[in-house]
Each structure stands twice: as structure tokens, then as C-alpha cells.
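Trainee: Return a 3D structure for these sequence lines:
(2 chains)
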Amino acid sequence: DAKTTQPNSMESNEEEPVHLPCNHSTISGTDYIHWYRQLPSQGPEYVIHGLTSNVNNRMASLAIAEDRKSSTLILHRATLRDAAVYYCILRPGSSNTGKLIFGQGTTLQVKP
Amino acid sequence: EPEVTQTPSHQVTQMGQEVILHCVPISNHLYFYWYRQILGQKVEFLVSFYNNEISEKSEIFDDQFSVERPDGSNFTLKIRSTKLEDSAMYFCASSEVRTTNTGELFFGEGSRLTVL
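Mentor: The predicted structure follows:
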């Protein structure tokens, strides 16, 4: 399974944008890039996913590098509720199991 | 908004006892999963289940573990003879489709298992 590399932790101020990076230099052409987050004492929660093009939804934006070897999750205005562990996960396009392989993720701290 | 519900929220058991963790997936979902997270560690995949059979399992999911969908709504994880190292948060998840493009997983809030 292709691996991802994320910083262990990041800090942000409330109401400011946050850019969470993820490196996936061994990504294959059919791997989708998924982001999940885990709020304290809760189960993981889907955030966004993409293949090649940048994606936006109500929670966040996903910017994917042209060579697809890195991506950035963008929270446009961080709130205290966004403090969580953010996981960048590659899912093979050919996969038929739905399995997610979680890494250590990035722990985001949001300061008021 | 539909959600995955898990019971109990916390279970304490003695080593060697059997434990059953319960999950009610989202009603129109067809694929079901169990994950676990030992305190301070990564979320780990245990098993995926579709059409009343296991479609994939990890090395962690040994003969002590089993899953079942007994009545069309519940999805259970049984640990036959618990060990101290089974202490963890167990997350149930479900998804509507299995394909990568749209198959986001919806997780429950977890069942904490403490083995003494």
C-alpha cells in the first residue's frame, strides 16, 4: 500500500485558514487521495477526497499537486471544533474492500 | 442525519471472558467494517463484511474474533476469550458502496473495551 507522510502536529489561530500538507511520492495512477479526521473521543469522520483535480465541499478544499505526489487539505476558516487529528489516506482505485489504512496523522491545535 | 450507532459505549471485562460489541449501521448501507484503536496508537483495520461474509481481514483478526449480522440490522464483533492486549476502542463503520470514488466510510463513536 502506498504510504503518506504528514507533519505530526500543526497549530492555527481561530478564524484563520489552515493548510495541512501530505506527501505521497509513491502514489500510483489509480490511487485516490482521501482525508478523514478524528475529533477527540470520536470515531473518524470523512472530510474529502480527490483523484487529480482540486475539490471543494462544505467542510474543506483539497488541492492536489500536478504530479500528484503531494496534496494539501485546506480549512478556510478554522474553528475550535476543527481541532482534531487529520489523516491523509490513499485508496487504490482498483480496491474492492473499502479498507482504510490510517497513519499517525496530523494533530491540529486551534487557538482562540 | 443517519448515523452508525454502537453499544455499549464502555465495557469492562475479565481476561478470558467473551465479549460482544454491537453496531447498527446506516440502514441502506451494504458494507460493514470493524476497526480498533489502542490508546495513543493508530486506527487499525480489523475486518470488512459484505453479503453475509468476510471480504477482507487483517492479521489482527485471528480465530478469537468473529463477526455476524444476525438480523439484518445489527452487526456484531465477538471476541471469544479476551486478552489484556484487546483493550482498545473498537469502531464500527459502514458504507453504501465499496468503490473508491464514492465509498466514504461512516464511523460510529466507538465502544471502549477494557480487559482486566
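Trainee: Test my guess that residue A:102 contacts residue B:44.
Mentor: Yes. With contact taken as Cβ atoms under 8 Å, residue A:102 and residue B:44 are classed as touching, separated by 7.3 Å. Glycine gets a C-beta too; all of them are placed from N, C-alpha and C.
Trainee: Could you report the separation of residue B:2 from chain A?
Mentor: Using Cβ to the nearest Cβ, to the nearest Å, one obtains 13 Å as the distance from residue B:2 to chain A.
Trainee: I meant residue B:57, not that one.
Mentor: 10 Å.
Trainee: Any idea what that residue is bridged to?
Mentor: The residues paired with residue B:57 through beta bridges, assigned by DSSP bridges, are residue B:47.
Trainee: And for it, the neighbour number?
Mentor: The number of residues packed around residue B:57, counting by other Cβ atoms under 10 Å in any protein chain shown, is 18.
Trainee: ok, it - contacts?
Mentor: Remark: with contacts taken as Cβ atoms under 8 Å, 6 or more residues apart in numbering or on different chains, residue B:57 is in contact with B:46, B:47, B:48.
Trainee: pLDDT score assigned to the first one?
Mentor: With respect to pLDDT, residue B:46 scores 97.
Trainee: In contact with the closest residue to it other than its chain neighbours: list those residues for me.
Mentor: When the adjacent residues along the chain are set aside, residue B:46 lies closest to residue B:34, with 4.3 Å between them (Cβ to Cβ, 6 or more residues apart in numbering or on different chains). When the contact criterion is Cβ under 8 Å, 6+ apart, the partners of residue B:34 are B:21, B:23, B:46, B:47, B:67, B:77, B:90, B:91, B:92, B:93.
Trainee: close to chain A, is stretch B:80-96?
Mentor: Yes. Contact of stretch B:80-96 with chain A (Cβ under 8 Å from any Cβ of the partner chain) involves B:91, B:93, B:95.
Trainee: Any idea what the residue nearest to residue B:46 is bridged to?
Mentor: Counting by DSSP bridges, residue B:34 is bridged to residue B:47, residue B:92.
Trainee: separation between it and residue A:85?
Mentor: 20 Å (Cβ to Cβ, to the nearest Å).
Trainee: cool, and residue A:34?
Mentor: 14 Å.
Trainee: Kindly report the same for residue B:97.
Mentor: Summarising the geometry, the distance separating residue B:97 from residue A:85, computed by Cβ to Cβ, is 26 Å.
Trainee: Pick out whichever of the two has more residues nearby.
Mentor: Here residue B:97 and residue A:85 are compared on neighbour count by other Cβ under 10 Å; more neighbours surround residue A:85, at 22 against 13.
Trainee: still on that earlier bit, in terms of distance to chain A, which of the residues of stretch B:80-96 next to chain A ranks first?
Mentor: Of all the residues of stretch B:80-96 next to chain A, the one with the least separation from chain A (Cβ to the nearest Cβ) is residue B:91, at 4.6 Å.
Trainee: Could you tell me how many residues sit around the closest one?
Mentor: Residues lying near residue B:91 (other Cβ under 10 Å) number 27.
Trainee: likewise residue B:6?
Mentor: Neighbours of residue B:6 using other Cβ under 10 Å come to 25.
Trainee: Repeat that for the one 4 residues further on.
Mentor: Around residue B:10 there are 10 other residues, counting by other Cβ under 10 Å.
Trainee: All set now, cheers.
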